[in-house]
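Asks: fold the stuff below for me.
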Amino acid sequence: MSDAVLWNALADPHRRAIVALLLERPRSVGEIVEACGLSQPGTSKHLKVLREAGLVRVRQDAQRRVYALDPAPIAALDAWLAPYRALWNTSLDTLGRRLDETPDVPEPPHRRTDQP
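Replies: Below is the predicted model:
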């Protein structure tokens, strides 16, 4: 699956909410509908996009469809983000060192706002 398909699937806030729910545990469509507050057809459309992107798997459990996360695509996205995370961490480390080297400046006295 291409990265673009994965990012597109995760671009929608409803689909991200579904992914967050499935991070906790596999869920039936009915549970997802109830937790997300979406209609059943709307939820099914979002689940289809997530399934086609490879982010979720579905299994039949009697009359219910149960969805679970597939960790492989998430791991691929995490690997793609790793260099950017390293860049961000380096920037934060530099900021932290700068703040540690900066002398503390006393706060100015607070002005009363009830006086003209």
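
Asks: so what's D12 up against?
Replies: With contacts defined as CB atoms under 8 Å, 6 or more residues apart in numbering, D12 is in contact with H46, V49. Placement of C-beta: from N, CA and C, glycine included.

Asks: need the pLDDT of it.
Replies: As predicted, D12 sits at a pLDDT of 95.

Asks: what separates it from L99, distance-wise?
Replies: According to CB to CB, to the nearest Å, D12 stands 37 Å off from L99.

Asks: same question, D61
Replies: Distance from D61 to L99, by CB to CB: 53 Å.

Asks: one more: L87?
Replies: According to CB to CB, L87 and L99 sit 19 Å apart.

Asks: all helices for this structure, in order.
Replies: In the chain, the helices defined using DSSP state H lie at 3-11, 13-24, 29-36, 40-52, 71-101.

Asks: export the ones you listed to CSV and tack on distance to P108 and mean neighbour count?
Replies: Below are those laid out as CSV (distance: least, CB to CB, whole Å; neighbours: other CB atoms under 10 Å):
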stretch, distance to P108, mean neighbour count
helix 3-11, 44, 14
helix 13-24, 41, 16
helix 29-36, 48, 16
helix 40-52, 51, 16
helix 71-101, 19, 11
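
Asks: mean pLDDT lowest where, among these?
Replies: helix 71-101 (a mean of 85).

Asks: for V105, give me the pLDDT.
Replies: In this model, V105 carries a pLDDT of 69.

Asks: closest to the centroid, which residue in the chain?
Replies: The residue lying closest to the centre of the chain (CA atoms, centre = their mean) is R16, at 5.6 Å.

Asks: hang on, that residue packs against L22?
Replies: No. Here R16 lies out of contact with L22, judged by CB atoms under 8 Å, at a distance of 10.8 Å.

Asks: write down the beta-bridge partners of the nearest residue in space to R59 that is not next to it in sequence, one by one.
Replies: The spatial neighbour of R59 that comes closest, neighbours along the chain excluded (CB to CB, 6 or more residues apart in numbering), is V66 at 5.4 Å. In this entry, V66 is beta-bridged to S28, R59, by DSSP bridges.
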